[in-house]
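> Here is my input; please provide its structure:
(one chain, ligands or ions: 1)
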Amino acid sequence: DKVRVFAPATVANMICGFDILGFAVNEPGDEVKMYRVAEPGVRIRSIAGDDGRLPLDADRNTVSACVKMLLRDLGVADTIGVEIELIKHMPIGSGLGSSSASTVAGLYAINALLGTPLTKEELMPYCVEGERLACGHGHADNVAPALMGGVTLIRGQEALDVIKLPVPGDLYAGIVFPQVDVPTRDARQLIKDKVLLKEAVVQWGNIAGLIAGLFQNDYDLIGRSMQDVLIEPTRAILIPEFYEMKRIALECGALSFGISGSGPSVVAISRGEDIARVATTKIKEHLSSKEIDSYQYVSAV
Ligand code: HSE
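Numbers count the residues shown, from 1 in each chain. The predicted structure is shown next:
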């Protein structure tokens, strides 16, 4: 009576689609081990890889709080007992959907332990609630790809409407996480809630172009569409060396470069794994010349 679940990191926004697009990567990701126990209730046994930053209190920890919510809704909170081991394999506050990966792994695990009473679609609102607990806003662009895999479009936010999109086979993401902390909550407060119509027109042209590019396997269209005129100019300020990293990525032949989620991780979208690898390596070298530590990951989109 135990399960072990891995949920992947995700790149929210896909550069131009703030809060509506995201994709899952192969690594890193978080792991949840969940055990059925006789005593009813939800408890955290241990958390590893978080540098002691996450609460062990089951009411305050996002993973256990979501599991409790699901057990309550299923009417079994007083009878089922589970204990959780959370193993984080990625940094918190990195812009890689760290909290989402843990939440999705936890909810998938409890659903599996109970004999899969809910479909993935039915699990989704609980995942979104976890995101709300973690950062104050229930966007689904990390949890949806973490749960469904691949590229997902969140067409509707209030009444959740999640659509899985096709991905051309040779599309790769080179991700660099410069080791500075940017909490999503702060990165959301920074952005203005009004946009200029002429900028909005550019942005939705790009989003539509990206979707068309994904369907048509058109890498050039994907590349020229993945540009963010609304959010990036504001958030780039929080990310050291952002424009220099962008210059390096594009010089290496990346199709596009931008912020992963709310940052500080950045992503170089490339045709082929080699370009993604070279771009991330060069960016990492540049960051270390500025005495900024970083992690790098390369994955198929
Ligand atoms: N869409 C969200 C944002 C993702 O950009 O704030 C945060 O993980």
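> secondary structure element for Arg43?
strand 41-48 (DSSP states H and E).
> Next: Gln203.
helix 197-216.
> Contacts for the strand holding Arg43, please.
35, 37, 54, 56-58, 61, 63-64, 67-68, 71, 81-88 (CB atoms under 8 Å, 6 or more residues apart in numbering). In this view, the C-beta of every residue, glycine as well, is placed from N, C-alpha and C.
> quick one: Val11 is in a strand?
Yes - according to DSSP: H, G, I helix; E, B strand; the rest coil, the state of Val11 is that of a strand.
> List the pairing partners of the longest strand seen in the chain within its sheet, with orientation.
The longest strand of the chain (DSSP state E) is strand 21-37. Partners of strand 21-37 in the sheet, by DSSP bridges, are strand 2-12 (antiparallel), strand 81-87 (antiparallel), strand 151-156 (antiparallel).
> Go through that strand and flag the buried ones.
Going by neighbour count (16 or more other CB atoms under 10 Å), the buried part of strand 21-37 is 21-25, 28-35, 37.
> related to what we said a few turns ago, show me what the mean pLDDT comes to for the helix holding Gln203.
Here helix 197-216 scores 98 as its mean pLDDT.
> pull the CA atoms of that helix into PDB?
Output of helix 197-216 as PDB, limited to C-alpha atoms (Å, rounded to 0.1, in the frame of the first residue of the first chain):
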ATOM      1  CA  LEU A 197      -4.300  47.600 -27.100                       C
ATOM      2  CA  LYS A 198      -1.600  47.900 -29.800                       C
ATOM      3  CA  GLU A 199       0.700  45.700 -27.600                       C
ATOM      4  CA  ALA A 200      -2.100  43.300 -26.900                       C
ATOM      5  CA  VAL A 201      -2.600  42.900 -30.700                       C
ATOM      6  CA  VAL A 202       1.100  42.000 -31.100                       C
ATOM      7  CA  GLN A 203       0.900  39.500 -28.200                       C
ATOM      8  CA  TRP A 204      -2.200  37.700 -29.500                       C
ATOM      9  CA  GLY A 205      -0.800  37.600 -33.000                       C
ATOM     10  CA  ASN A 206       2.200  35.800 -31.500                       C
ATOM     11  CA  ILE A 207       0.200  33.400 -29.500                       C
ATOM     12  CA  ALA A 208      -1.900  32.500 -32.500                       C
ATOM     13  CA  GLY A 209       1.300  32.200 -34.600                       C
ATOM     14  CA  LEU A 210       2.800  29.800 -32.100                       C
ATOM     15  CA  ILE A 211      -0.200  27.600 -32.000                       C
ATOM     16  CA  ALA A 212      -0.300  27.500 -35.800                       C
ATOM     17  CA  GLY A 213       3.400  26.700 -35.800                       C
ATOM     18  CA  LEU A 214       3.000  23.800 -33.400                       C
ATOM     19  CA  PHE A 215       0.300  22.300 -35.700                       C
ATOM     20  CA  GLN A 216       2.200  22.900 -38.900                       C
END
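> And the contacts of that helix?
14, 16-17, 20-21, 151, 153, 165-168, 195, 218-222, 224-230.
> Any of those buried? List them.
14, 16-17, 20-21, 151, 153, 165, 167, 219, 221-222, 225-230.
> any residue of the helix holding Gln203 up close to the ligand?
No - using CB under 6 Å from any ligand atom, helix 197-216 stays clear of the ligand, coming no nearer than 13.3 Å.
> tell me the contacts of the residue in the stretch 1-150 of the chain that the ligand sits nearest to?
Closest residue of the stretch 1-150 of the chain to the ligand, CB to the nearest ligand atom: Ala12 (3.7 Å). Ala12 is in contact with Asp19, Leu21, Gly22, Gly95, Gly97, His139, Asp141, Asn142, Ser260, Gly261, Ser262, counting by CB under 8 Å, 6+ apart.
> how near is it to Ile163?
Ala12 sits at a distance of 16 Å from Ile163 (criterion: CB to CB, to the nearest Å).
> Next: Tyr172.
Tyr172 is 22 Å from Ile163, by CB to CB.
> Could you check which of the two has the larger neighbour count?
Of the pair Tyr172 and Ile163, Tyr172 is the one with more neighbours under other CB atoms under 10 Å, namely 22 against 13.
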